[in-house]
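Trainee: The sequence and its predicted three-dimensional model are supplied below.
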Amino acid sequence: MFFELKAQDTQTAARAGQITIDHGIIETPIFMPVGTVGSVKAVHPRELAQDIEAQIILGNTYHLYLRPGLPVLEKFGGLHRFNQWNKPILTDSGGYQVYSLAGRRKITEEGVVFQSHIDGSRHTFTPERVMDIQRSIGADIVMAFDECPPFPAEYGYVEKSMHLTHRWLKRCLTHFAQSPPRYGYQQWLFPIVQGGTYKDLRQASAQFVAEQNCAGNAIGGLSVGEPAELMYEMTEWVCQFLPTDRPRYLMGVGTPANILEAIALGVDMFDCVMPTRNGRNGMLFTTQGIINIKNEKWKTDTSPLDPGLASYASQTYSKGYLRHLIVSQEILGLQIATLQNLSLYLWLVKQARLHIQQGDFGAWKKTMVEQLMQRL
């Protein structure tokens, strides 16, 4: 992996960069559409690559491990060949999914024993096992196995959880270094900073992570229920202790405004289910603001979904037509709404790169945050 900084904003900590790995180039800041089980819901890979211009997608270790399972993925030669996505893929380690299975898992020093949400079967994830699973899936970027503490959580619990995550990280690094990459290309490991909303713990975790000298670093355990301002405070604090010559990945964030604010704090990579999940439920993110397309007011609206975007879905379909599809529960409506939202997110980070390079990111961001989050 090679990361090169291309530009730095003079008014904020925003930066534009470029990640080069075997499956291609990723221009940062970047948003990664979430393809949990190997596909981005309701989007054809051709649309994802050509119309939306996604540069990297995310898959999930927990879900892919359970279904289709490693024997299937290995038979196909990894996820890239299984789903015919020839650009980079990042896999979440499954730590967040295990966190969400509060009633179905037990955390120990060795790892986590959990029950499948599909059939109730019991499985064990250890740091070593998670590294092997992600090698088999074939992700270009794999995440270290961590524990994600809830919010709110007492200091003592978060501190104990952080140290467990650090011990697991050392085991991940050792095992990853001893196991060869799969399928003929290099794979890269990102550790995850934890520490909840406690600045001293976040600093200790960020410094520990930075000392491991990995290809990139992630910030986890945010966007789990804490106020947005607290999320920004923790993100800004952590970025001070992470190396400037490695990409920084803020996991699971967020709204368009969240992404712009975090870019201003020095973050390079993002993922979130919000554009796809909200789109399937009739919420559109547009360059003018947020639309609940189910509202009666859009019933006879002949204007395109988003005049500010050049994508096919944004220009071709009217608000009235999409409302009809969504209200009628037509599958095409889910596709169009998802395409609109992902187009907006990818356009947004592309525009952020442009304004960082032009040197006016700060002023542009302020205007865009207000515009993007108004309700239409």
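Mentor: The structure has been received and is ready for your questions. Computed from a predicted model, the values in this text were never measured in an experiment.
Trainee: make it CA atoms for all contacts and neighbour counts henceforth
Mentor: OK.
Trainee: Just the CA trace of stretch 340-359, in CSV.
Mentor: Extracted C-alpha coordinates of stretch 340-359, given in CSV (Å, rounded to 0.1, in the frame of the first residue of the first chain):
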residue,chain,number,x,y,z
GLN,A,340,-29.7,8.7,-5.7
ASN,A,341,-28.2,8.5,-2.1
LEU,A,342,-25.0,6.8,-3.1
SER,A,343,-24.5,9.3,-6.0
LEU,A,344,-24.9,12.1,-3.5
TYR,A,345,-22.3,10.6,-1.0
LEU,A,346,-19.7,9.9,-3.7
TRP,A,347,-20.3,13.3,-5.3
LEU,A,348,-19.8,14.9,-1.9
VAL,A,349,-16.4,13.4,-1.2
LYS,A,350,-15.3,14.2,-4.7
GLN,A,351,-16.3,17.8,-4.3
ALA,A,352,-14.5,17.9,-0.9
ARG,A,353,-11.3,16.7,-2.6
LEU,A,354,-11.7,19.4,-5.2
HIS,A,355,-12.2,22.2,-2.7
ILE,A,356,-9.3,21.0,-0.5
GLN,A,357,-7.1,21.2,-3.6
GLN,A,358,-8.6,24.7,-4.4
GLY,A,359,-7.9,25.9,-0.9
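Trainee: Buried residues of that stretch, list them for me.
Mentor: Buried residues in stretch 340-359, counted by 16 or more other C-alpha atoms under 10 Å: 340-353, 355-357, 359.
Trainee: Report the distance from it to the chain centre.
Mentor: Mean C-alpha position of stretch 340-359 versus that of the full chain (C-alpha atoms, centre = their mean, to the nearest Å) differs by 16 Å.
Trainee: Which positions in stretch 138-153 come out as buried?
Mentor: So stretch 138-153, judged by 16+ other C-alpha under 10 Å, has buried residues 138-150.
Trainee: To clarify, my last question referred to stretch 77-92.
Mentor: G77, G78, L79, H80, W85, K87, P88, I89, L90, T91, D92.
Trainee: Stretch 182-201 too?
Mentor: In stretch 182-201, counting by 16+ other C-alpha under 10 Å, buried: 182-183, 186-197, 201.
Trainee: do stretch 325-339 as well
Mentor: L325, I326, G333, L334, Q335, I336, A337, T338, L339.
Trainee: Can you classify the residue sitting furthest away from the middle of the chain as helix, strand or coil?
Mentor: Residue farthest from the centre of the chain, counting by C-alpha atoms, centre = their mean, is T300 at 35.6 Å. Three-state call for T300 (DSSP: H, G, I helix; E, B strand; the rest coil): coil.
Trainee: start the count at 656, not 1, going forward
Mentor: From this message on, residue numbering opens at 656, which makes the last subject T955.
Trainee: quick one: contacts for it?
Mentor: K974, G975 (C-alpha atoms under 8 Å, 6 or more residues apart in numbering).
Trainee: Please report how far it lies from Y976.
Mentor: 8 Å (C-alpha to C-alpha, to the nearest Å).
Trainee: And for L721?
Mentor: On the measure of C-alpha to C-alpha, L721 and Y976 end up 38 Å apart.
Trainee: quick one, which of those two is more surrounded?
Mentor: When L721 and Y976 are compared on other C-alpha atoms under 10 Å, the one with more neighbours turns out to be Y976, at 19 against 16.
Trainee: tell me which strands and helices whichever strand or helix holds the more buried one is in contact with?
Mentor: Applying DSSP states H and E as the criterion places Y976 in helix 974-982. Judged by 3 or more C-alpha pairs under 8 Å, 6 or more residues apart in numbering; DSSP states H and E, helix 974-982 is in contact with helix 986-1013.
Trainee: Heading C-terminal from the helix it packs on, find the next helix or strand.
Mentor: Next element after helix 986-1013 (DSSP H and E): helix 1016-1027.
Trainee: ok, and for that next one, which residues are buried?
Mentor: F1016, G1017, K1020, M1023, V1024, Q1026, L1027.
Trainee: As PDB, could you dump the C-alpha coordinates of it?
Mentor: The C-alpha trace of helix 1016-1027 is given here as PDB (Å, rounded to 0.1, in the frame of the first residue of the first chain):
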ATOM      1  CA  PHE A1016     -12.800  23.800   1.700                       C
ATOM      2  CA  GLY A1017     -13.700  25.500   5.000                       C
ATOM      3  CA  ALA A1018     -16.000  28.100   3.500                       C
ATOM      4  CA  TRP A1019     -17.500  25.500   1.100                       C
ATOM      5  CA  LYS A1020     -18.100  23.000   3.900                       C
ATOM      6  CA  LYS A1021     -20.000  25.600   6.000                       C
ATOM      7  CA  THR A1022     -22.400  26.300   3.200                       C
ATOM      8  CA  MET A1023     -22.900  22.700   2.200                       C
ATOM      9  CA  VAL A1024     -23.600  21.400   5.800                       C
ATOM     10  CA  GLU A1025     -26.500  23.900   6.100                       C
ATOM     11  CA  GLN A1026     -27.800  23.100   2.600                       C
ATOM     12  CA  LEU A1027     -27.500  19.300   2.800                       C
END
